[in-house]
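Student: Fold the stuff below for me.
(4 chains)
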There are 2 protein chains.
Amino acid sequence: MARTREFDLDAAVDAAMDVFRSKGYEGTSMRDLSEATGLGSGSIYAAFGSKDGLYLAVLDLYRQRYATPMVDLLRSGNDARAVIREVFIGAVDDITGDGRHLSCLIVGASMERAHQDVRVAERLRSTTQSLELALYDLLAEAQLRGQITTDRSATDLAGFLVTSLQGLRVMGAINPDRAALTRYAEVALACLG
Amino acid sequence: MARTREFDLDAAVDAAMDVFRSKGYEGTSMRDLSEATGLGSGSIYAAFGSKDGLYLAVLDLYRQRYATPMVDLLRSGNDARAVIREVFIGAVDDITGDGRHLSCLIVGASMERAHQDVRVAERLRSTTQSLELALYDLLAEAQLRGQITTDRSATDLAGFLVTSLQGLRVMGAINPDRAALTRYAEVALACLG
DNA sequence: GCGGTACTTTGTCGATCGTTCCAGATAGCG
DNA sequence: CGCTATCTGGAACGATCGACAAAGTACCGC
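Tutor: Have a look, this model is predicted:
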(Lines give C-alpha, C1' and ligand atoms only; values in the text may rest on other atoms or scores of the structure.)
Protein backbone atom coordinates (compact mmCIF):
# COMPACT_ATOMS: atom_id res chain seq x y z
CA MET A 1 0.00 0.00 0.00
CA ALA A 2 0.97 3.55 -0.45
CA ARG A 3 -0.70 6.87 -0.15
CA THR A 4 -3.98 6.74 1.70
CA ARG A 5 -7.17 8.17 0.36
CA GLU A 6 -7.49 11.70 1.64
CA PHE A 7 -11.23 12.17 1.42
CA ASP A 8 -14.02 10.38 3.19
CA LEU A 9 -15.68 8.18 0.63
CA ASP A 10 -18.95 8.06 2.52
CA ALA A 11 -19.00 11.83 2.87
CA ALA A 12 -18.53 12.15 -0.87
CA VAL A 13 -21.43 9.81 -1.57
CA ASP A 14 -23.46 11.76 0.95
CA ALA A 15 -22.76 15.05 -0.77
CA ALA A 16 -23.52 13.54 -4.15
CA MET A 17 -26.84 12.30 -2.82
CA ASP A 18 -28.13 15.80 -2.25
CA VAL A 19 -27.26 16.77 -5.80
CA PHE A 20 -28.94 13.74 -7.38
CA ARG A 21 -31.99 14.23 -5.18
CA SER A 22 -32.48 17.83 -6.19
CA LYS A 23 -31.45 17.65 -9.86
CA GLY A 24 -32.13 14.09 -10.89
CA TYR A 25 -29.68 11.80 -12.65
CA GLU A 26 -29.54 13.36 -16.10
CA GLY A 27 -29.81 16.85 -14.68
CA THR A 28 -26.65 16.35 -12.64
CA SER A 29 -23.29 16.87 -14.33
CA MET A 30 -19.90 15.62 -13.25
CA ARG A 31 -19.06 19.24 -12.60
CA ASP A 32 -21.94 19.46 -10.12
CA LEU A 33 -20.65 16.33 -8.44
CA SER A 34 -17.10 17.64 -8.33
CA GLU A 35 -18.19 20.84 -6.67
CA ALA A 36 -20.50 19.12 -4.20
CA THR A 37 -17.94 16.53 -3.16
CA GLY A 38 -14.92 18.79 -3.42
CA LEU A 39 -13.16 16.15 -5.47
CA GLY A 40 -11.58 16.34 -8.89
CA SER A 41 -13.34 14.32 -11.52
CA GLY A 42 -10.33 12.04 -11.68
CA SER A 43 -10.79 11.06 -8.07
CA ILE A 44 -14.46 10.35 -8.63
CA TYR A 45 -13.71 8.10 -11.56
CA ALA A 46 -10.98 6.34 -9.62
CA ALA A 47 -13.37 5.68 -6.75
CA PHE A 48 -16.61 4.92 -8.55
CA GLY A 49 -15.69 4.19 -12.14
CA SER A 50 -18.37 6.32 -13.71
CA LYS A 51 -21.28 8.61 -13.10
CA ASP A 52 -23.51 5.54 -13.03
CA GLY A 53 -21.24 3.95 -10.46
CA LEU A 54 -21.51 6.93 -8.18
CA TYR A 55 -25.26 7.01 -8.66
CA LEU A 56 -25.53 3.37 -7.65
CA ALA A 57 -23.41 4.06 -4.57
CA VAL A 58 -25.70 6.96 -3.72
CA LEU A 59 -28.75 4.77 -4.20
CA ASP A 60 -27.29 2.12 -1.92
CA LEU A 61 -26.53 4.67 0.77
CA TYR A 62 -30.02 6.05 0.46
CA ARG A 63 -31.50 2.60 0.88
CA GLN A 64 -29.29 1.94 3.87
CA ARG A 65 -30.15 5.25 5.47
CA TYR A 66 -33.89 5.43 4.86
CA ALA A 67 -35.28 2.07 3.78
CA THR A 68 -33.42 -0.16 6.22
CA PRO A 69 -34.38 1.80 9.34
CA MET A 70 -37.96 1.72 8.13
CA VAL A 71 -37.85 -2.06 7.86
CA ASP A 72 -36.18 -2.32 11.25
CA LEU A 73 -38.89 -0.23 12.79
CA LEU A 74 -41.57 -2.41 11.26
CA ARG A 75 -39.84 -5.47 12.68
CA SER A 76 -39.29 -3.98 16.11
CA GLY A 77 -42.16 -5.98 17.57
CA ASN A 78 -44.27 -3.01 18.61
CA ASP A 79 -47.94 -2.56 17.89
CA ALA A 80 -48.64 -2.86 14.18
CA ARG A 81 -50.83 0.18 13.77
CA ALA A 82 -48.49 2.32 15.86
CA VAL A 83 -45.31 1.49 13.94
CA ILE A 84 -47.01 1.84 10.58
CA ARG A 85 -48.29 5.25 11.61
CA GLU A 86 -44.77 6.10 12.73
CA VAL A 87 -43.42 5.11 9.32
CA PHE A 88 -45.98 7.26 7.53
CA ILE A 89 -45.45 10.26 9.78
CA GLY A 90 -41.72 9.88 9.30
CA ALA A 91 -42.18 9.85 5.55
CA VAL A 92 -44.29 13.00 5.66
CA ASP A 93 -41.60 14.63 7.78
CA ASP A 94 -38.97 13.69 5.22
CA ILE A 95 -41.04 15.07 2.39
CA THR A 96 -41.83 18.38 4.03
CA GLY A 97 -38.74 18.50 6.20
CA ASP A 98 -36.75 21.35 4.76
CA GLY A 99 -37.19 23.75 1.90
CA ARG A 100 -34.34 22.25 -0.05
CA HIS A 101 -36.64 20.27 -2.29
CA LEU A 102 -34.83 16.99 -1.91
CA SER A 103 -37.14 14.50 -3.50
CA CYS A 104 -37.16 10.81 -2.69
CA LEU A 105 -34.38 9.03 -4.52
CA ILE A 106 -36.44 5.84 -4.77
CA VAL A 107 -39.34 7.51 -6.52
CA GLY A 108 -37.02 9.63 -8.64
CA ALA A 109 -35.03 6.60 -9.70
CA SER A 110 -38.25 4.71 -10.42
CA MET A 111 -39.38 7.36 -12.83
CA GLU A 112 -36.10 8.35 -14.43
CA ARG A 113 -33.73 5.40 -14.22
CA ALA A 114 -35.63 2.16 -13.72
CA HIS A 115 -36.28 1.73 -17.43
CA GLN A 116 -32.75 2.63 -18.43
CA ASP A 117 -30.54 0.79 -15.97
CA VAL A 118 -31.31 -2.75 -14.88
CA ARG A 119 -29.06 -2.46 -11.83
CA VAL A 120 -31.15 0.44 -10.63
CA ALA A 121 -34.34 -1.49 -11.37
CA GLU A 122 -33.06 -4.46 -9.34
CA ARG A 123 -32.30 -2.29 -6.36
CA LEU A 124 -35.67 -0.63 -6.50
CA ARG A 125 -37.47 -3.94 -6.67
CA SER A 126 -35.38 -5.30 -3.83
CA THR A 127 -36.05 -2.28 -1.64
CA THR A 128 -39.76 -2.30 -2.33
CA GLN A 129 -40.00 -6.02 -1.73
CA SER A 130 -38.23 -5.97 1.59
CA LEU A 131 -40.50 -3.14 2.71
CA GLU A 132 -43.57 -5.04 1.53
CA LEU A 133 -42.34 -8.18 3.23
CA ALA A 134 -41.78 -6.46 6.55
CA LEU A 135 -45.24 -5.00 6.32
CA TYR A 136 -46.68 -8.37 5.38
CA ASP A 137 -45.19 -10.12 8.39
CA LEU A 138 -46.39 -7.37 10.67
CA LEU A 139 -49.89 -7.29 9.18
CA ALA A 140 -50.31 -11.06 9.06
CA GLU A 141 -49.59 -11.35 12.75
CA ALA A 142 -51.85 -8.41 13.57
CA GLN A 143 -54.60 -10.13 11.61
CA LEU A 144 -54.14 -13.28 13.68
CA ARG A 145 -54.51 -11.22 16.79
CA GLY A 146 -57.63 -9.60 15.41
CA GLN A 147 -56.09 -6.16 15.51
CA ILE A 148 -56.74 -5.27 11.89
CA THR A 149 -59.20 -6.21 9.20
CA THR A 150 -59.13 -9.63 7.56
CA ASP A 151 -61.26 -8.43 4.66
CA ARG A 152 -58.09 -8.06 2.64
CA SER A 153 -55.04 -10.29 2.54
CA ALA A 154 -51.93 -9.11 4.33
CA THR A 155 -50.18 -9.18 0.96
CA ASP A 156 -52.62 -6.74 -0.60
CA LEU A 157 -52.61 -4.49 2.43
CA ALA A 158 -48.83 -4.40 2.45
CA GLY A 159 -48.66 -3.53 -1.24
CA PHE A 160 -51.34 -0.93 -0.81
CA LEU A 161 -49.46 0.75 2.03
CA VAL A 162 -46.24 0.94 0.01
CA THR A 163 -48.24 2.36 -2.88
CA SER A 164 -49.65 5.01 -0.58
CA LEU A 165 -46.18 5.88 0.66
CA GLN A 166 -44.95 6.39 -2.89
CA GLY A 167 -48.03 8.44 -3.65
CA LEU A 168 -47.31 10.71 -0.72
CA ARG A 169 -43.84 11.39 -2.11
CA VAL A 170 -45.32 12.46 -5.43
CA MET A 171 -48.02 14.60 -3.86
CA GLY A 172 -45.42 16.19 -1.62
CA ALA A 173 -43.33 17.15 -4.64
CA ILE A 174 -46.33 18.89 -6.18
CA ASN A 175 -47.54 20.55 -3.00
CA PRO A 176 -45.56 20.04 0.22
CA ASP A 177 -48.49 20.62 2.56
CA ARG A 178 -47.68 18.72 5.71
CA ALA A 179 -51.16 18.89 7.21
CA ALA A 180 -52.80 17.63 4.03
CA LEU A 181 -50.30 14.83 3.54
CA THR A 182 -50.80 13.76 7.13
CA ARG A 183 -54.53 13.54 6.63
CA TYR A 184 -54.10 11.49 3.48
CA ALA A 185 -51.81 9.16 5.39
CA GLU A 186 -54.44 8.83 8.11
CA VAL A 187 -57.01 7.76 5.54
CA ALA A 188 -54.65 5.07 4.33
CA LEU A 189 -54.09 3.88 7.89
CA ALA A 190 -57.83 3.77 8.44
CA CYS A 191 -57.99 1.16 5.65
CA LEU A 192 -56.49 -1.33 8.06
CA GLY A 193 -59.88 -1.43 9.73
CA MET B 1 -48.90 36.18 -45.91
CA ALA B 2 -46.89 33.66 -47.76
CA ARG B 3 -45.97 30.08 -47.28
CA THR B 4 -48.02 28.12 -44.78
CA ARG B 5 -46.72 25.71 -42.18
CA GLU B 6 -46.36 22.25 -43.66
CA PHE B 7 -46.36 19.99 -40.65
CA ASP B 8 -49.09 19.14 -38.19
CA LEU B 9 -48.21 20.87 -34.96
CA ASP B 10 -50.31 18.57 -32.81
CA ALA B 11 -48.76 15.50 -34.36
CA ALA B 12 -45.32 16.85 -33.53
CA VAL B 13 -46.28 17.45 -29.90
CA ASP B 14 -47.73 13.97 -29.83
CA ALA B 15 -44.54 12.41 -31.08
CA ALA B 16 -42.47 14.44 -28.65
CA MET B 17 -44.66 13.23 -25.81
CA ASP B 18 -43.57 9.64 -26.27
CA VAL B 19 -39.93 10.66 -26.12
CA PHE B 20 -40.30 12.74 -22.97
CA ARG B 21 -42.35 10.00 -21.33
CA SER B 22 -39.75 7.35 -21.95
CA LYS B 23 -36.56 9.38 -21.45
CA GLY B 24 -37.57 12.19 -19.13
CA TYR B 25 -36.87 15.86 -19.72
CA GLU B 26 -33.11 16.01 -19.20
CA GLY B 27 -32.63 12.63 -20.82
CA THR B 28 -34.21 13.84 -24.05
CA SER B 29 -32.03 15.75 -26.52
CA MET B 30 -33.14 18.04 -29.30
CA ARG B 31 -31.79 15.42 -31.66
CA ASP B 32 -34.20 12.87 -30.17
CA LEU B 33 -37.02 15.33 -30.65
CA SER B 34 -36.02 16.10 -34.24
CA GLU B 35 -35.99 12.42 -35.11
CA ALA B 36 -39.25 11.66 -33.35
CA THR B 37 -41.13 14.57 -34.88
CA GLY B 38 -39.41 14.43 -38.26
CA LEU B 39 -38.74 18.15 -38.03
CA GLY B 40 -35.54 20.10 -38.30
CA SER B 41 -34.46 21.86 -35.15
CA GLY B 42 -35.16 25.18 -36.84
CA SER B 43 -38.83 24.33 -37.25
CA ILE B 44 -39.08 23.21 -33.63
CA TYR B 45 -37.58 26.44 -32.34
CA ALA B 46 -39.78 28.50 -34.65
CA ALA B 47 -42.87 26.74 -33.34
CA PHE B 48 -42.08 26.30 -29.65
CA GLY B 49 -39.22 28.66 -28.88
CA SER B 50 -37.17 26.23 -26.87
CA LYS B 51 -36.96 22.75 -25.48
CA ASP B 52 -38.85 23.99 -22.44
CA GLY B 53 -41.54 25.40 -24.66
CA LEU B 54 -42.04 22.11 -26.40
CA TYR B 55 -42.09 20.33 -23.06
CA LEU B 56 -44.82 22.63 -21.79
CA ALA B 57 -46.83 22.02 -24.95
CA VAL B 58 -46.42 18.29 -24.41
CA LEU B 59 -47.49 18.61 -20.81
CA ASP B 60 -50.58 20.55 -21.83
CA LEU B 61 -51.50 17.94 -24.42
CA TYR B 62 -51.00 15.21 -21.84
CA ARG B 63 -53.29 16.95 -19.41
CA GLN B 64 -55.89 17.47 -22.09
CA ARG B 65 -55.72 13.86 -23.21
CA TYR B 66 -55.56 12.06 -19.86
CA ALA B 67 -56.52 14.34 -17.01
CA THR B 68 -59.50 16.08 -18.60
CA PRO B 69 -61.30 12.88 -19.63
CA MET B 70 -60.77 11.59 -16.12
CA VAL B 71 -62.42 14.66 -14.66
CA ASP B 72 -65.25 14.40 -17.19
CA LEU B 73 -65.84 10.81 -16.22
CA LEU B 74 -65.98 11.74 -12.56
CA ARG B 75 -68.53 14.44 -13.37
CA SER B 76 -70.64 12.23 -15.62
CA GLY B 77 -73.24 11.78 -12.90
CA ASN B 78 -72.91 8.02 -12.62
CA ASP B 79 -72.51 6.08 -9.39
CA ALA B 80 -69.57 7.38 -7.40
CA ARG B 81 -67.98 4.08 -6.54
CA ALA B 82 -68.39 2.83 -10.10
CA VAL B 83 -66.77 5.80 -11.82
CA ILE B 84 -63.94 5.95 -9.32
CA ARG B 85 -63.26 2.29 -9.90
CA GLU B 86 -63.33 2.98 -13.62
CA VAL B 87 -60.75 5.73 -13.18
CA PHE B 88 -58.47 3.46 -11.20
CA ILE B 89 -58.81 0.55 -13.60
CA GLY B 90 -58.13 2.92 -16.46
CA ALA B 91 -54.99 4.14 -14.74
CA VAL B 92 -53.76 0.60 -14.18
CA ASP B 93 -54.41 -0.12 -17.84
CA ASP B 94 -52.38 2.92 -18.83
CA ILE B 95 -49.52 1.88 -16.60
CA THR B 96 -49.35 -1.71 -17.76
CA GLY B 97 -50.76 -1.04 -21.22
CA ASP B 98 -47.82 -1.72 -23.49
CA GLY B 99 -44.22 -2.70 -23.03
CA ARG B 100 -42.98 0.66 -24.20
CA HIS B 101 -42.36 1.88 -20.68
CA LEU B 102 -44.12 5.19 -21.11
CA SER B 103 -44.32 6.56 -17.62
CA CYS B 104 -46.86 9.11 -16.47
CA LEU B 105 -45.81 12.58 -17.52
CA ILE B 106 -47.47 14.10 -14.47
CA VAL B 107 -45.50 12.01 -12.01
CA GLY B 108 -42.33 12.34 -14.05
CA ALA B 109 -42.69 16.10 -14.20
CA SER B 110 -43.44 16.21 -10.47
CA MET B 111 -40.17 14.52 -9.67
CA GLU B 112 -37.90 16.01 -12.29
CA ARG B 113 -39.27 19.41 -13.26
CA ALA B 114 -41.57 20.77 -10.57
CA HIS B 115 -38.70 22.18 -8.53
CA GLN B 116 -36.92 23.67 -11.52
CA ASP B 117 -39.66 25.27 -13.59
CA VAL B 118 -42.49 27.21 -11.97
CA ARG B 119 -44.64 26.97 -15.08
CA VAL B 120 -44.49 23.19 -14.81
CA ALA B 121 -45.26 23.37 -11.10
CA GLU B 122 -48.30 25.54 -11.76
CA ARG B 123 -49.68 23.12 -14.31
CA LEU B 124 -49.15 20.17 -12.02
CA ARG B 125 -50.92 21.86 -9.14
CA SER B 126 -53.77 22.90 -11.41
CA THR B 127 -54.18 19.39 -12.77
CA THR B 128 -54.09 17.79 -9.36
CA GLN B 129 -56.51 20.31 -7.94
CA SER B 130 -59.12 19.88 -10.65
CA LEU B 131 -58.92 16.14 -10.18
CA GLU B 132 -59.25 16.49 -6.42
CA LEU B 133 -62.14 18.89 -6.84
CA ALA B 134 -64.03 16.58 -9.17
CA LEU B 135 -63.53 13.77 -6.68
CA TYR B 136 -64.60 16.01 -3.82
CA ASP B 137 -67.88 16.96 -5.51
CA LEU B 138 -68.58 13.35 -6.34
CA LEU B 139 -67.73 12.09 -2.85
CA ALA B 140 -69.57 14.83 -1.00
CA GLU B 141 -72.78 14.01 -2.79
CA ALA B 142 -72.28 10.28 -2.30
CA GLN B 143 -71.82 10.96 1.40
CA LEU B 144 -75.10 12.84 1.51
CA ARG B 145 -76.76 9.84 -0.09
CA GLY B 146 -75.16 7.57 2.45
CA GLN B 147 -73.32 5.63 -0.23
CA ILE B 148 -69.86 6.01 1.26
CA THR B 149 -68.34 6.54 4.66
CA THR B 150 -68.67 9.83 6.49
CA ASP B 151 -65.85 8.94 8.88
CA ARG B 152 -63.54 11.06 6.74
CA SER B 153 -64.21 14.36 5.04
CA ALA B 154 -64.75 14.32 1.30
CA THR B 155 -61.69 16.56 1.02
CA ASP B 156 -59.43 14.04 2.71
CA LEU B 157 -60.88 11.13 0.78
CA ALA B 158 -60.38 12.97 -2.50
CA GLY B 159 -56.76 13.80 -1.68
CA PHE B 160 -56.16 10.27 -0.54
CA LEU B 161 -57.50 8.83 -3.79
CA VAL B 162 -55.28 11.10 -5.89
CA THR B 163 -52.35 10.09 -3.71
CA SER B 164 -53.14 6.44 -4.35
CA LEU B 165 -53.33 7.05 -8.08
CA GLN B 166 -49.89 8.65 -8.07
CA GLY B 167 -48.60 5.80 -5.96
CA LEU B 168 -49.86 3.27 -8.48
CA ARG B 169 -47.88 5.03 -11.21
CA VAL B 170 -44.70 4.73 -9.19
CA MET B 171 -45.29 1.12 -8.26
CA GLY B 172 -46.08 0.35 -11.88
CA ALA B 173 -42.75 1.82 -12.94
CA ILE B 174 -40.94 -0.47 -10.51
CA ASN B 175 -42.97 -3.56 -11.22
CA PRO B 176 -45.71 -3.40 -13.86
CA ASP B 177 -47.78 -6.24 -12.42
CA ARG B 178 -51.33 -5.55 -13.51
CA ALA B 179 -52.97 -8.02 -11.12
CA ALA B 180 -51.10 -6.67 -8.11
CA LEU B 181 -51.78 -3.04 -9.00
CA THR B 182 -55.46 -3.84 -9.43
CA ARG B 183 -55.61 -5.40 -5.98
CA TYR B 184 -53.89 -2.37 -4.45
CA ALA B 185 -56.42 -0.14 -6.19
CA GLU B 186 -59.23 -2.26 -4.77
CA VAL B 187 -57.90 -1.76 -1.26
CA ALA B 188 -57.92 2.00 -1.83
CA LEU B 189 -61.50 1.84 -3.09
CA ALA B 190 -62.49 -0.18 -0.05
CA CYS B 191 -61.44 2.81 2.06
CA LEU B 192 -64.57 4.57 0.87
CA GLY B 193 -66.45 2.30 3.22
C1' DG C 1 15.73 8.28 3.74
C1' DC C 2 14.58 6.11 -0.33
C1' DG C 3 12.03 3.67 -3.88
C1' DG C 4 7.65 2.45 -5.16
C1' DT C 5 2.90 2.90 -5.19
C1' DA C 6 -1.54 4.58 -4.80
C1' DC C 7 -4.09 8.78 -4.82
C1' DT C 8 -4.96 13.59 -6.39
C1' DT C 9 -4.91 17.13 -9.59
C1' DT C 10 -5.02 19.21 -13.93
C1' DG C 11 -5.79 19.59 -18.57
C1' DT C 12 -7.95 17.82 -22.44
C1' DC C 13 -10.26 14.56 -25.34
C1' DG C 14 -14.16 13.75 -28.87
C1' DA C 15 -18.95 13.85 -28.55
C1' DT C 16 -23.01 15.96 -27.77
C1' DC C 17 -25.67 19.56 -25.63
C1' DG C 18 -29.36 23.46 -26.68
C1' DT C 19 -29.53 27.08 -29.69
C1' DT C 20 -29.02 30.07 -33.70
C1' DC C 21 -28.44 31.22 -38.36
C1' DC C 22 -28.61 30.70 -43.18
C1' DA C 23 -29.51 29.26 -47.87
C1' DG C 24 -32.93 27.09 -50.48
C1' DA C 25 -37.71 25.78 -51.17
C1' DT C 26 -42.49 26.96 -51.43
C1' DA C 27 -47.02 28.95 -51.38
C1' DG C 28 -50.01 33.22 -51.44
C1' DC C 29 -50.62 37.87 -53.52
C1' DG C 30 -50.56 41.45 -57.02
C1' DC D 1 -45.95 34.82 -63.56
C1' DG D 2 -42.73 37.22 -60.53
C1' DC D 3 -42.25 38.85 -55.88
C1' DT D 4 -41.74 38.07 -51.34
C1' DA D 5 -42.84 36.50 -46.91
C1' DT D 6 -42.57 32.41 -44.54
C1' DC D 7 -41.18 27.83 -43.68
C1' DT D 8 -37.75 24.15 -44.10
C1' DG D 9 -33.61 21.21 -43.19
C1' DG D 10 -29.15 21.25 -42.03
C1' DA D 11 -24.78 23.40 -40.98
C1' DA D 12 -22.41 25.52 -37.35
C1' DC D 13 -22.12 27.94 -32.86
C1' DG D 14 -19.95 28.09 -28.10
C1' DA D 15 -20.61 25.58 -24.09
C1' DT D 16 -20.65 21.63 -21.64
C1' DC D 17 -21.04 16.75 -21.42
C1' DG D 18 -18.78 12.19 -19.41
C1' DA D 19 -14.43 10.19 -19.45
C1' DC D 20 -9.54 9.70 -19.36
C1' DA D 21 -4.32 10.21 -19.36
C1' DA D 22 -0.39 12.25 -17.60
C1' DA D 23 1.94 14.59 -14.10
C1' DG D 24 2.49 15.78 -9.38
C1' DT D 25 2.11 14.49 -4.42
C1' DA D 26 2.07 12.14 -0.14
C1' DC D 27 2.50 7.91 2.21
C1' DC D 28 4.08 3.10 3.25
C1' DG D 29 7.47 -0.68 3.74
C1' DC D 30 12.08 -1.34 3.84
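Student: So for residue A:141, what's the pLDDT?
Tutor: Listed pLDDT for residue A:141 reads 96.
Student: Let me fix that, I meant to ask about residue A:46.
Tutor: 87.
Student: for chain A, which spans come out with low pLDDT?
Tutor: A:1-7 (pLDDT under 70).
Student: For the closest residue to chain B within chain A, give its distance to residue A:118.
Tutor: Distances between chain A and chain B by CB to the nearest CB are smallest at residue A:167, namely 2.9 Å. Backbone N, C-alpha and C define where each C-beta goes, glycine included. Noted for residue A:167: a distance of 25 Å to residue A:118, by CB to CB, to the nearest Å.
Student: Counting neighbours, go ahead and name the busier of the two.
Tutor: residue A:167 (30 against 9; other CB atoms under 10 Å in any protein chain shown).
Student: Would you state the helices of chain A in chain order?
Tutor: With helices called from DSSP state H, chain A shows them at A:9-23, A:30-37, A:41-48, A:51-62, A:68-74, A:80-96, A:105-112, A:118-144, A:154-174, A:178-190.
Student: Save these as a markdown table, and put in distance to residue B:157 too.
Tutor: A markdown table is the format used below for the helices of chain A (distance: least, CB to CB, whole Å):
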| stretch | distance to residue B:157 |
| --- | --- |
| helix A:9-23 | 31 |
| helix A:30-37 | 41 |
| helix A:41-48 | 46 |
| helix A:51-62 | 32 |
| helix A:68-74 | 26 |
| helix A:80-96 | 17 |
| helix A:105-112 | 23 |
| helix A:118-144 | 22 |
| helix A:154-174 | 13 |
| helix A:178-190 | 6 |
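Student: sorry, back to before: which residues does the residue of chain A closest to chain B contact?
Tutor: A:184, B:162-168, B:170 (CB atoms under 8 Å, 6 or more residues apart in numbering or on different chains).
Student: Give me the residues contacting stretch A:46-55.
Tutor: A:5, A:9, A:12-13, A:16, A:20, A:25, A:28, A:30, A:33, A:39, A:44, A:57, A:113, A:117, A:119-120.
Student: So for chain A, the centremost residue is which one?
Tutor: residue A:106 (4.8 Å; CA atoms, centre = their mean).
Student: Roughly how far does the residue nearest to residue A:115 when sequence neighbours are not counted sit from DNA strand C?
Tutor: The spatially closest residue to residue A:115, leaving aside those adjacent along the chain, is residue B:101, at 4.3 Å (CB to CB, 6 or more residues apart in numbering or on different chains). Residue B:101 sits at a distance of 19 Å from DNA strand C (criterion: CB to the nearest atom of the strand, to the nearest Å).
Student: wait, doesn't residue A:75 sit right on residue A:135?
Tutor: No: the pair residue A:75 / residue A:135 is not scored as a contact, 9.9 Å apart, by CB atoms under 8 Å.
Student: So for those two, which sits in the more crowded spot?
Tutor: Neighbour tally, residue A:75 and residue A:135, criterion other CB under 10 Å: the higher count belongs to residue A:135, 27 against 14.
Student: What sits closest to that one if chain neighbours are left out?
Tutor: Leaving aside its chain neighbours, residue A:135 sits nearest to residue A:158 (3.8 Å; criterion: CB to CB, 6+ apart).
Student: any idea how far the one you found is from residue B:40?
Tutor: Taking CB to CB, one finds residue A:158 at 51 Å from residue B:40.
Student: The two: which is more packed in?
Tutor: residue A:158 (25 against 10).
Student: Quick check, the more buried one in contact with residue A:139.
Tutor: Yes: with contacts counted by CB under 8 Å, residue A:158 reaches residue A:139, the gap being 5.8 Å.
Student: Overlap of the contact sets of those two?
Tutor: Common neighbours of residue A:158 and residue A:139 (CB under 8 Å, 6+ apart) do not exist.
Student: Please determine whether stretch A:54-72 lies in contact with DNA strand D.
Tutor: No: Stretch A:54-72 does not reach DNA strand D (CB under 7 Å from any atom of the strand); its nearest approach is 8.2 Å.
Student: ok, and for that stretch, which residues are buried?
Tutor: A:54-59, A:61-63, A:66-67, A:70-71 (16 or more other CB atoms under 10 Å in any protein chain shown).
Student: What of stretch A:181-193?
Tutor: Across stretch A:181-193, burial judged by 16+ other CB under 10 Å covers A:181-185, A:187-189, A:191-192.
Student: got it, and stretch A:112-119?
Tutor: Within stretch A:112-119, the residues that count as buried by 16+ other CB under 10 Å are A:112-117.
Student: nearest to residue A:130, of those?
Tutor: Among those, residue A:114 lies closest to residue A:130 (CB to CB), at 16.7 Å.
Student: quick one, phi psi at residue A:98?
Tutor: phi -130, psi 170 (degrees, to the nearest 10).
Student: Would you mind measuring from it to residue A:23?
Tutor: Residue A:98 sits 16 Å away from residue A:23, going by CB to CB.
Student: Quick check: closest non-adjacent residue to residue A:140.
Tutor: What sits nearest to residue A:140 in space, not counting adjacent residues and going by CB to CB, 6+ apart, is residue A:154, at 4.1 Å.
Student: Let me see the contact set for the one you found.
Tutor: The contact partners of residue A:154, taken as CB under 8 Å, 6+ apart, are A:135-136, A:139-140, A:143.
Student: show me what contacts the spatially closest residue to residue A:58 that is not a sequence neighbour?
Tutor: Distance criterion CB to CB, 6+ apart; nearest residue to residue A:58, sequence neighbours excluded, is residue A:17 at 4.7 Å. By CB under 8 Å, 6+ apart, the contact set of residue A:17 is A:58, A:61-62, A:105.
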